[in-house]
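J.: Need the 3D shape of this:
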Amino acid sequence: MSSEPSFDLSVVVPVLDEREQIAPLFESLRRQIEVRIEVILSDGGSSDGTVELARTLAAPAALPLTVVTGTRGRGAQMNRGAAASRSPHVLFLHADSRFTDPRALRSALDRLAAAETRHCDTPVAGRFSLIFAFDRTPPLPYRFYQYKARLDRPGCTHGDQGFLLSRHAFERLGPFPETFMEDNVFAERVREQGAWLLFPSEILTSPRRFLVEGLRPRQTLNAVLMNLYWIGRLDLLGDLERTYRRHGSTERLDLSAFLPALRERIERLPTGERSRFWQETGSYVRSQAWQLAFLTDVVLGQEKKGICLTLHDGIFDRLTDNALGRRIATLLTKCWFRMVAG
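T.: Modelled structure (predicted):
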């Protein structure tokens with residue numbers, strides 16, 4: 001990273017065929033006040049005119065723009081963007097993100113600075129309060145996701161909230177892994193080695209991935225991938241990532257090849273290794289039972305008080321955090337996976 005102090009904030013946006021998102025993104029950033037920003041578009045090989053449109057719109061929007069190009073992959077793209085930044089702070093932002101508060105970035109920078117003073121030598125990063133961009137009240141699953149993203153629990157922080165941190169903190173905590181689930185890995189690195197802030201300003205994100213891919217298949221895929229990540233078995237994916245659609249595409253998610261192939265790979269594991277896989281999976285799934293309690297809070301409109309979540313943490317979690325509880329979770333998970341994988 002260079003060190004020119006002419007900007008307060010570098011906004012790094014990884015893109016791949018995001019032409020339709022560029023104009024509203026730039027308009028959202030243009031409306032930000034009391035902050036000097038530059039936009040760094042990190043392109044992963046767009047073929048729809050994303051970069052050309054961005055260059056055309058940047059000057060009228062009074063947004064200093066830098067374009068960096070390279071191989072696709074959000075982790076690699078964000079790392080290249082960060083390397084090209086010229087300000088003391090970096091915001092990693094998705095192309096379909098929007099801010100409604102014109103002081104969102106100024107307020108976030110001020111809160112981050114105050115937190116850095118309090119935490120001294122501990123690296124601090126912040127994320128915004130997620131809202132799905134619906135014209136009406138979001139359906140229940142989306143309300144659950146947006147409230148869940150505000151919790152300071154492992155696995156709840158994702159890239160669609162925007163990651164804001166100082167260049168110094170990124171140099172300590174980064175770079176992003178250039179493999180899979182880069183935002184999850186980075187978010188947990190911050191949680192383990194530093195501290196997360198939740199900014200009160202809302203960040204609107206498009207529900208397009210869920211709407212286009214289908215909510216149920218996306219939920220199923222996310223559940224499988226999060227489990228593999230947390231038990232350290234992403235290696236089982238290998239080339240299976242190619243069997244379902246990823247960043248930048250516009251089709252319904254099809255898991256008909258992915259899930260049976262993954263099941264076959266699990267079944268081919270040596271007996272002892274396969275047994276450990278399911279034991280670790282059951283342990284992870286049991287540890288996530290809090291999500292059902294929190295979902296109940298959301299249904300009841302008690303997500304801020306978290307009454308059911310508190311009861312889970314104080315009673316249910318303690319009652320099931322044992323060999324029997326993990327065994328039951330393992331059996332239930334195996335039954336579920338056999339049902340969805342065929």
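
J.: Against residue 313, how distant is residue 322?
T.: For residue 322, the distance to residue 313 (C-beta to C-beta, to the nearest Å) stands at 16 Å. For every residue, glycine as well, the C-beta is placed using N, CA and C.

J.: the more surrounded of the two?
T.: Under the neighbour definition other C-beta atoms under 10 Å, residue 322 and residue 313 were set side by side, and residue 313 has more, 13 against 10.

J.: count of residues packed around the residue nearest to that one when sequence neighbours are not counted?
T.: Nearest residue to residue 313 in three dimensions, chain neighbours excluded: residue 290, at 6.7 Å (C-beta to C-beta, 6 or more residues apart in numbering). Residue 290 has 18 neighbours, counted by other C-beta under 10 Å.

J.: Kindly report the same for residue 143.
T.: Neighbours of residue 143 using other C-beta under 10 Å come to 19.

J.: what's the host helix or strand of it packed up against?
T.: Assigned by DSSP states H and E, residue 143 falls within helix 140-148. Here helix 140-148 touches strand 124-132, helix 290-299, going by 3 or more C-beta pairs under 8 Å, 6 or more residues apart in numbering; DSSP states H and E.

J.: if you compare these, which one is most tucked away?
T.: strand 124-132 (a mean of 23; mean count of other C-beta atoms under 10 Å).

J.: quick one: it to helix 140-148, angle?
T.: 160 degrees (axes from the mean of the first three to the mean of the last three C-alpha atoms, to 10 degrees).

J.: Put the alpha carbons of strand 124-132 into CSV.
T.: C-alpha atoms of strand 124-132 as CSV (Å, rounded to 0.1, in the frame of the first residue of the first chain):
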residue,chain,number,x,y,z
VAL,A,124,-10.1,-3.2,15.4
ALA,A,125,-12.5,-3.6,12.5
GLY,A,126,-16.1,-2.5,12.0
ARG,A,127,-19.1,-3.7,10.0
PHE,A,128,-22.4,-2.0,9.3
SER,A,129,-25.9,-3.1,10.4
LEU,A,130,-27.3,-5.2,7.6
ILE,A,131,-30.6,-4.6,6.0
PHE,A,132,-32.0,-6.5,3.0
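
J.: and that strand, what does it pack onto?
T.: Applying 3+ C-beta pairs under 8 Å, 6+ apart, one finds that strand 124-132 contacts helix 104-119, helix 140-148, strand 163-166, helix 167-173, strand 195-205.

J.: chain center to that strand, what's the gap?
T.: Relative to its parent chain, strand 124-132 has a centroid offset of 10 Å by C-alpha atoms, centre = their mean, to the nearest Å.

J.: what does stretch 286-299 give?
T.: Taking mean C-alpha positions (C-alpha atoms, centre = their mean), stretch 286-299 and its chain are 19 Å apart.
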